[in-house]
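# Give me a model of this one.
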Amino acid sequence: MIDEQHCFGITDRGQKRENNQDSFLIASLSKSILVGGNSLGLTPDSRLFGDVRGCLMLVADGMGGHAGGERASSMAIRYLVDRLLNNVHWFFEFTRDAECEFIASLDRLLQDAHRQIRAAGQRDQSLLGMGTTLTMTYLVWPNLYVVHAGDSRCYLVRGDEVEQLTTDHTLAHRLVEAGGMRPDEEATSRWSNVLWNVLGGKSEESLRAEIRQVRLEPGDRILLCSDGLHRHLDELRIVETLNRAASCEAACQSFVDWANSCGGDDNITAVVARIPSDIATSQASEIVQQEKPSATHKTTVDFAAVDRDGSAGTV
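Below you'll find the model as predicted:
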């Protein structure tokens, strides 16, 4: 088992927002059976659990009005968890063909969540246009699957090297990719707050699920965070914070404190996981993660894409 020394999450309202529209979840997936009548002395209605098969981490950053953003981010996570619990692919070893189907199922999963959020907004006019970013990782040793839409981020830290595993789905980043903006202008651009790809939202464009598979190594660190944190981070800050912190909890708190010291102008969420340096392949799938109870929730608007400065939401 891996305790809070090895995986932890925290979310904070920040200094400027009235509510918290970020949501996060850390969980382990395992097989279980519900005991019925038996002659073994087992208590009926008790549950027996098998080995943990994988580890799940999600961060969602809601947008779309005072209530909409909070609703959208929590709805996305609840829907995804409910679906994956009933998906057999999450619980078995992958053959090559099964892995390809699993990756395709991740795309369908995000598309379905997108439609669910849009439908909920259409049923309730006060929630119309609500949406959320979603960055989800699923760890089944030694593979990490990353599923992403929006501008929350997932980083892989190996030694002193930092790799951003996700792409920011903002108009500013699109301009950089097209050569219309220098990379050093992206963070301060007015278009850095305009999202073109989120779950839900007002845009009629189809959701584009970004899916990536990475092979992990012992000692790796993983950071998931909302933009209320990563806008204040660079690679050096990430490495120094993780190296200095005695635990994942301490690292998460340091990240939140840093974002607040930089103004705390948005909700702040951080989830940190450490793969033990001495972990064996046979032990790695037994990771159990722990979540810190705290506030959970963010803000944004739509503009053929979604402009964060126009309206707010909460989870």
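
# elements contacting the lengthiest helix in the chain?
For the chain, the helix that runs over the most residues, judged by DSSP state H, is helix 96-123. Contact analysis of helix 96-123 by 3 or more Cβ pairs under 8 Å, 6 or more residues apart in numbering; DSSP states H and E lists helix 68-85, strand 131-140, strand 143-149, strand 199-200, strand 210-215 as its packing neighbours. Bear in mind the C-beta positions are built from the backbone N, C-alpha and C, glycine included.

# Out of these, indicate the one that is most buried.
strand 199-200 (a mean of 32; mean count of other Cβ atoms under 10 Å).

# Kindly provide the distance from the residue nearest to H232 when sequence neighbours are not counted to G14.
The shortest distance from H232 to any non-neighbouring residue, by Cβ to Cβ, 6 or more residues apart in numbering, is to C262 (4.3 Å). Plainly put, C262 is 10 Å away from G14 if you go by Cβ to Cβ, to the nearest Å.

# Neighbour count for these two, which is higher?
The residue with more neighbours, out of C262 and G14, is G14; 22 against 15, by other Cβ atoms under 10 Å.

# Am I right that that one is in a strand?
No: counting by DSSP: H, G, I helix; E, B strand; the rest coil, G14 is not part of a strand but coil.

# residues in contact with it?
Contact analysis of G14 by Cβ atoms under 8 Å, 6 or more residues apart in numbering lists 20, 228, 259-260, 264-268.

# Tell me, how many residues neighbour the nearest residue to it once chain neighbours are set aside?
Closest residue in space to G14, ignoring its immediate chain neighbours: G264 at 3.9 Å, by Cβ to Cβ, 6+ apart. Look at G264: counted by other Cβ under 10 Å, it has 20 neighbours.

# any idea which element G264 lies in?
Using DSSP states H and E, G264 sits in no helix or strand.

# shouldn't it be in contact with Q15?
Yes: counting by Cβ atoms under 8 Å, G264 does reach Q15; the two are 3.1 Å apart.

# tell me the residue furthest from the middle of the protein?
Relative to the C-alpha centroid of the chain, counting by Cα atoms, centre = their mean, S39 is the outermost residue, at 44.0 Å.

# where does that one fall, phi/psi-wise?
Dihedral pair for S39: phi -110, psi 20, per degrees, to the nearest 10.

# now the one 4 residues further on
Summarising the backbone geometry of T43 under the convention degrees, to the nearest 10, its torsions are phi -70, psi 120.

# Look up which residues are beta-bridged to S28.
S28 has these beta-bridge partners by DSSP bridges: C55.

# now do Y145
Y138, Q213.

# Correct me if wrong: it contacts I211.
Yes: between Y145 and I211 there is a contact at 7.1 Å, judged by Cβ under 8 Å.

# Identify the contacts common to the two.
By Cβ under 8 Å, 6+ apart, the residues touching both Y145 and I211 are 103, 106.

# Show me where the stretch 151-300 of the chain has its helices.
171-177, 227-230, 235-244, 248-261, 281-284 (DSSP state H, counting those that start in this stretch).

# quick one: contacts of the third one?
Counting by Cβ under 8 Å, 6+ apart, helix 235-244 makes contact with 155, 157, 160, 162, 221, 223, 251, 254-255, 258, 272, all of which sit outside it.

# Could you do stretch 98-117 as well?
72, 75-76, 79-80, 83-84, 87, 89, 92, 94, 130-132, 134, 145, 147, 149, 199-200, 206-207, 209, 211, 213.
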